[in-house]
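K.L.:
After the sequence you'll find the predicted model.
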Amino acid sequence: MEFKHEPIMLMQCMEYLNIKPDGIYVDGTIGGAGHSSEIVKRLSEKGLLIGIDRDKEALAASQKRLANYSNVKYVWGRHEDLKSHLESLGISKMDGVLLDLGVSSYQIDEPSRGFSYTKNSSLDMRMNKEQVLTAKDVVNSYSVEELERIFKEYGEEKFSKRIAGKIVESRKTKAIETTYELADIIRSAVYQNPIDSFKRVFQAIRIEVNGELKELEQAIRDSIEMLNGGGRICIITFHSLEDRIVKNTFVDLEGRCTCPKDFPKCVCGYKSYGKIITKKPLVASEDEQEKNPRSKSAKLRVFEKRG
Ligand SMILES: C[S@@+](CC[C@H](N)C(=O)[O-])C[C@H]1O[C@@H](n2cnc3c(N)ncnc32)[C@H](O)[C@@H]1O
């Protein structure tokens with residue numbers, strides 16, 4: 001299947017990344033290089049783009065798309081390990097980083113990847129196909145309490161307890177192997193139209209399989225530490241759990257004086273690593289939302305490192 005993914009909020013990202021032609025930029029989630037193909041256009045031959053993805057199929061697609069550019073380096077790995085990736089390339093500082101979190105349209109639409117309840121396939125959901133843990137393992141080996149917690153925490157699913165119970169009951173007779181089998185179990189557990197529950201439960205399992213929220217805060221802190229003064233980090237999120245982590249980490253890194261208002265000078269010693277550029281998250285235009293429904297839930301937040 002061809003690698004298809006429409007980059008979200010592309011021009012806003014380019015505007016807010018504020019690209020310097022000779023700078024070093026990191027696309028921590030390069031996917032099909034939709035954003036990267038615009039970043040690289042804005043770089044001179046002295047500039048450098050580093051594209052990271054944990055999915056080898058995405059890296060191959062981006063390499064093909066950017067074949068005409070020699071100033072791009074590709075890294076197979078997690079953006080959470082940015083520090084060590086840059087270290088192994090002999091780089092200590094960068095001028096900007098983009099994180100477009102979550103999965104690509106290609107990953108969702110490709111049936112063999114097992115991300116979608118709309119396509120029947122083996123329950124997989126790994127972004128990195130060499131990882132051991134799959135969705136099948138989660139569904140068939142986690143305890144009822146663990147499943148309930150995941151559905152509640154990562155999916156904000158109100159029928160979490162019933163769905164977890166039905167899964168555990170069903171797997172007593174036969175292991176749950178496919179996306180359609182899981183969808184049938186969810187359907188049997190909810191009292192209403194099951195589509196929203198399918199979405200929430202599949203999202204929750206995907207987050208668990210890929211450890212999507214575990215190190216996000218530290219990854220943001222590491223990225224900002226490695227930015228040059230004036231450099232920016234742009235992060236696109238697709239659900240409230242990720243967005244909350246980004247928002248709170250930015251607020252914490254911006255810092256705030258906690259001295260009483262009538263103190264003549266600051267004595268609390270707060271540290272600020274920079275400033276939040278987007279007081280409110282940016283969202284896709286109406287036009288983009290209409291053309292690309294996946295952009296509807298996107299939120300873009302930007303932070304600038306102190307000069
Ligand atoms: C939304 S897509 C990015 C699409 C890309 N911006 C484009 O325009 O083509 C997210 C990509 O990031 C990758 N990804 C998600 N989490 C990652 C992580 N923690 N480390 C590295 N890659 C990750 C996924 O495999 C996927 O290819």
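P.N.:
Perfect, I can see it now.
K.L.:
Give me the outermost residue of this structure relative to its centroid.
P.N.:
Most distant from the centre of the chain: Pro264, at 43.2 Å, with distances by CA atoms, centre = their mean.
K.L.:
That one belongs to a strand, doesn't it?
P.N.:
No: secondary structure assignment (DSSP: H, G, I helix; E, B strand; the rest coil) places Pro264 in coil, not in a strand.
K.L.:
do you know how far it is from the ligand?
P.N.:
Pro264 sits 46 Å away from the ligand, going by CB to the nearest ligand atom, to the nearest Å. Quick note: C-beta positions are derived from backbone N, CA and C, even for glycine.
K.L.:
what's near enough to touch that residue?
P.N.:
By CB atoms under 8 Å, 6 or more residues apart in numbering, no residues touch Pro264.
K.L.:
what residues does this structure put near the ligand?
P.N.:
With CB under 6 Å from any ligand atom as the criterion, the chain meets the ligand at residues 5, 7, 29, 31-35, 52-55, 58, 78-80, 100, 102-104, 127.
K.L.:
do that again at 5 Å, thanks
P.N.:
Applying CB under 5 Å from any ligand atom, we find that the chain lies next to the ligand at 5, 7, 29, 31-32, 34-35, 53-55, 58, 78-79, 100, 104, 127.
K.L.:
Selection in ChimeraX covering whichever of these are buried, please.
P.N.:
In ChimeraX, this line selects whichever of the residues of the chain next to the ligand come out buried by 16 or more other CB atoms under 10 Å:
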select :5,7,29,31,32,34,35,53,54,55,58,78,79,100,104,127
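K.L.:
Among the residues of the chain next to the ligand, which are located in strands?
P.N.:
Mapping the residues of the chain next to the ligand onto strands (DSSP state E) picks out Asp53, Asp100.
K.L.:
Nearest to Thr249, out of the residues of the chain next to the ligand: which one, please.
P.N.:
The closest of the residues of the chain next to the ligand to Thr249 turns out to be His79 (CB to CB; 14.3 Å).
K.L.:
Check the contact between that closest one and Gly31; I expect there is one.
P.N.:
No: counting by CB atoms under 8 Å, Gly31 is not a contact partner of His79; they are 11.7 Å apart.
K.L.:
all helices of the stretch 51-200 of the chain, in order?
P.N.:
56-65, 82-88, 105-109, 135-141, 144-155, 160-171, 179-189, 195-210 (DSSP state H, counting those that start in this stretch).
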